[in-house]
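Trainee: This is a predicted model, with the sequence first.
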Amino acid sequence: MFSTLAPRPALSVTGVSHSFDARKALDDVSLEVAGGSFTALLGINGAGKTTLFNLVTRLFANRSGTIEVCGIDVRREPGGALARLGVVFQSRAIDPNLSVEQNFAYQGALYGIASDEARRRGKVLMERWGLADRMHDRVRALSGGQARRAEIAGALIHRPRLLLCDEATAGLDVAARRAIVDDVHALARDDGVGVLWATHLIDEIAPEDMVVMLHEGRVIATGPARNIAGKDDLASVFLAKTGAGAEALA
Amino acid sequence: MTAETEEGAAPGTLTPDAAMRDTTRAWAICAYGIIWREGLRFMQQKERFLSALVRPLVWLFIFAAGLRAVLGLSIIEPYETYILYEVYVVPGLCAMIQLFQGMQSSLSMVYDRETGAMRTLLISPFPRWFLLAAKLLASVVVSTVQVYAFLLVAALWDIKMPAKGMLALLPALFLSGFLLGAIGLFLSSAIRQLENFAGVMNFVIFPMFFASSALYPLWRIREGSPLLYDIAALNPFTHCVELIRYALYLKVNWDALGVVVPCGLVFFYAAVRAYDPVRGSIGRRRG
């Protein structure tokens, strides 16, 4: 028998606003990330991307609107929601003085996963990316791209249904950025993980990706990248809608 | 362990196990993981261990040796005979180790917050009070190891203390470490930048240490300055020192216990509240 109910989105944000004193950082933001989809949250610096991430991860409390992870309200049941999401922050959150597998063990512990199991799961992911031989190396000995992959693997140790990546390729060269973006696309496609990928770099977005454009705390466009772009390229449309200079996308 | 299946989840190698946190074992794994990481970081920073050990030893072997001839000590509780000044300062130096460790732990939390590692901890699905309690426990464990290493060196230097006191000391160290760590935890929520931490040295560590019974008995302080005596008597650090001093001689200082436990709970509660995204200062900061 087939269910008539649509599957719950990995992330559902409805009518969320947030202010820092008098400045409104987010204004009535609504968006959805479907399971197994790659959704790009496109916005220049200061658009409100990190604030939105901080609200979804419960680092800030949302006082208006609702945020649900796999149908679980982060305000009502933060533990249940947080257990289903993994996060890669813009600033490096992995401990450079510990080895990759020690970081995995610690990351796993934060989700109640035993050390051996966390190391095993981390190794599976690192094998997928050809980095299994770096498991015992200290993170500070890895290249920027390798460390970022280790960090993404760490965020997946507890098998989340939603992965949030906040400017995850910041500071990497073009080749490393491309490789990581491809890896995360594969995660969404092959493993059913919903990905919300915050970026200001247009070349990280594929035509079939969903896009949410955020500007000055408001959603100004949403839909598949190729639909938003139409006959133009996505960058031109984005610059026209925001009035930003081309340097904002560099 | 069986993987949980969820509506909307596509087939693949990554299946969620979000329900794991509901088991007692998962809570224990989480607490152990936080303590293990703190211990690992401490062991990797050999200079930190060395300085934690050298600092009280300098006070013991240089400062105390110099003052031995100047400071006369009458027989006061818990001592049953005259003691050398070196013996008198040992409990204060144990508490000093814990005070520095509490502040060091706080410093590492401010650093973790600046680098982003703190967010990894705070987005764990376990309740925030539990995560902070585990972090606090980790700090207590590390400081306890340091205290016993210091006591071992002191014993090798022929500073005599009851052998059974070493065991009786453990709960006192736990309680005083809890209080001093909780103060550090609370401070870490209030400090916005690592650079501001120098102020903690000047306005917290030094006043707490010097305005206490760590270096001189309270009756001596009262002879010199009644005001300083009042401050020292109110100083929670004084009560940590006295709790440790009495425990070393297999006694319980109930007055000190009556201050250390409630103060520890109050500071811990204040820290949990400060780290609460709804009510605390952390949740109001810009990301």
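Mentor: Perfect, thanks for sending it.

Trainee: in chain A, which spans are helices?
Mentor: Assigned by DSSP state H, chain A shows helices spanning A:49-56, A:78-82, A:100-109, A:115-128, A:144-155, A:174-191, A:225-229, A:234-242.

Trainee: now for those helices, which one comes closest to B:Phe100?
Mentor: helix A:100-109 (24.3 Å; CB to CB). The way it works is simple: take the backbone N, C-alpha and C, and place the C-beta from them, glycine included.

Trainee: mind saving the C-alpha coords of that closest one as PDB?
Mentor: This file holds the C-alpha atoms of helix A:100-109, laid out as PDB (Å, rounded to 0.1, in the frame of the first residue of the first chain):
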ATOM      1  CA  VAL A 100      42.100  12.400  12.500                       C
ATOM      2  CA  GLU A 101      40.800   9.300  14.200                       C
ATOM      3  CA  GLN A 102      41.000  10.900  17.700                       C
ATOM      4  CA  ASN A 103      38.800  13.700  16.300                       C
ATOM      5  CA  PHE A 104      36.400  11.100  15.000                       C
ATOM      6  CA  ALA A 105      36.300   9.400  18.400                       C
ATOM      7  CA  TYR A 106      35.500  12.700  20.100                       C
ATOM      8  CA  GLN A 107      32.900  13.700  17.600                       C
ATOM      9  CA  GLY A 108      31.300  10.300  18.000                       C
ATOM     10  CA  ALA A 109      31.300  10.600  21.700                       C
END
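
Trainee: Let's have the helices of chain A in a markdown table, adding distance to B:Leu53, mean neighbour count and mean pLDDT.
Mentor: Formatted as a markdown table, the helices of chain A follow (distance: least, CB to CB, whole Å; neighbours: other CB atoms under 10 Å in any protein chain shown; pLDDT from 0 to 100):
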| stretch | distance to B:Leu53 | mean neighbour count | mean pLDDT |
| --- | --- | --- | --- |
| helix A:49-56 | 40 | 25 | 94 |
| helix A:78-82 | 39 | 22 | 93 |
| helix A:100-109 | 25 | 26 | 95 |
| helix A:115-128 | 29 | 18 | 94 |
| helix A:144-155 | 33 | 23 | 92 |
| helix A:174-191 | 43 | 17 | 91 |
| helix A:225-229 | 59 | 17 | 91 |
| helix A:234-242 | 57 | 18 | 87 |
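
Trainee: Of the ones you listed, which is nearest B:Met103?
Mentor: helix A:100-109 (23.0 Å).

Trainee: Check whether that closest one comes near chain B.
Mentor: Yes. Helix A:100-109 reaches chain B (CB under 8 Å from any CB of the partner chain) through A:Gln102, A:Ala105, A:Tyr106, A:Gln107, A:Gly108, A:Ala109.

Trainee: Please apply the same query to stretch A:117-130.
Mentor: Yes. For stretch A:117-130, a contact with chain B is found by CB under 8 Å from any CB, at A:Val124.

Trainee: repeat for stretch A:17-31
Mentor: Yes. Residues of stretch A:17-31 are located near chain B by CB under 8 Å from any CB, namely A:Phe20, A:Ala25.

Trainee: Which one of the helices of chain A lies nearest to B:Ile35?
Mentor: helix A:100-109 (9.5 Å).

Trainee: hang on, the earlier thing: from the residues of helix A:100-109 next to chain B, pick the one nearest A:Ala47.
Mentor: The closest of the residues of helix A:100-109 next to chain B, once distances to A:Ala47 are taken by CB to CB, is A:Gln107, at 28.7 Å.

Trainee: pretty sure that closest one contacts B:Ile123?
Mentor: No. Counting by CB atoms under 8 Å, B:Ile123 is not a contact partner of A:Gln107; they are 10.8 Å apart.

Trainee: now do the same end-to-end measure for stretch A:81-91.
Mentor: End-to-end distance for stretch A:81-91, by CA to CA, to the nearest Å: 23 Å.

Trainee: buried ones in that stretch?
Mentor: By 16 or more other CB atoms under 10 Å in any protein chain shown, the buried positions in stretch A:81-91 come out as A:Ala81, A:Leu82, A:Ala83, A:Arg84, A:Leu85, A:Gly86, A:Val87, A:Val88, A:Phe89, A:Gln90.

Trainee: ok, and of those residues, which contact chain B?
Mentor: Counting by CB under 8 Å from any CB, the members of the buried residues of stretch A:81-91 near chain B are A:Ala81, A:Leu82, A:Ala83, A:Arg84, A:Leu85, A:Val87, A:Phe89, A:Gln90.

Trainee: I'd like the distance between the third one and B:Cys30.
Mentor: Applying CB to CB, to the nearest Å, the value for A:Ala83 to B:Cys30 is 12 Å.

Trainee: Show me where chain B dips below the pLDDT cut-off.
Mentor: Scanning chain B for pLDDT under 70 picks out B:1-22, B:69-74, B:192-197, B:201, B:278-287.

Trainee: Try it again at 90.
Mentor: Along chain B, segments meeting pLDDT under 90 span B:1-24, B:38-39, B:41-88, B:100-120, B:122, B:155-165, B:184-185, B:187-206, B:215-224, B:274-287.

Trainee: ok, the closest residue to chain A within it - how many residues close by?
Mentor: Chain A sits closest to B:Gly33 of chain B, with a gap of 2.1 Å, by CB to the nearest CB. By the criterion of other CB atoms under 10 Å in any protein chain shown, B:Gly33 has 25 neighbours.

Trainee: pretty sure it is in a strand, no?
Mentor: No. B:Gly33 is assigned helix when assessed by DSSP: H, G, I helix; E, B strand; the rest coil, not a strand.

Trainee: In contact with it, which residues?
Mentor: The contact partners of B:Gly33, taken as CB atoms under 8 Å, 6 or more residues apart in numbering or on different chains, are A:Ala105, A:Tyr106, A:Gly108, A:Ala109, A:Leu110, A:Ser115.

Trainee: and the second one, how far is that from A:Gly112?
Mentor: Meaning A:Tyr106. Counting by CB to CB, the gap from A:Tyr106 to A:Gly112 is 12 Å.

Trainee: Return the member of the residues of helix A:100-109 next to chain B nearest to chain B.
Mentor: Out of the residues of helix A:100-109 next to chain B, the member with the shortest distance to chain B (by CB to the nearest CB) is A:Ala109, at 2.1 Å.

Trainee: Next up, the contacts around the nearest residue to A:Ala221 once chain neighbours are set aside.
Mentor: Distances taken as CB to CB, 6 or more residues apart in numbering or on different chains place A:Met213 nearest to A:Ala221, at 4.2 Å, with adjacent residues excluded. By CB under 8 Å, 6+ apart, the contact set of A:Met213 is A:Leu42, A:Gly43, A:Val219, A:Ile220, A:Ala221, A:Thr222, A:Ile228, A:Phe238, A:Lys241, A:Thr242.

Trainee: Out of the residues you listed, which two sit at the greatest distance?
Mentor: Farthest pair in those, by CB to CB: A:Thr222 and A:Thr242, 14.4 Å.
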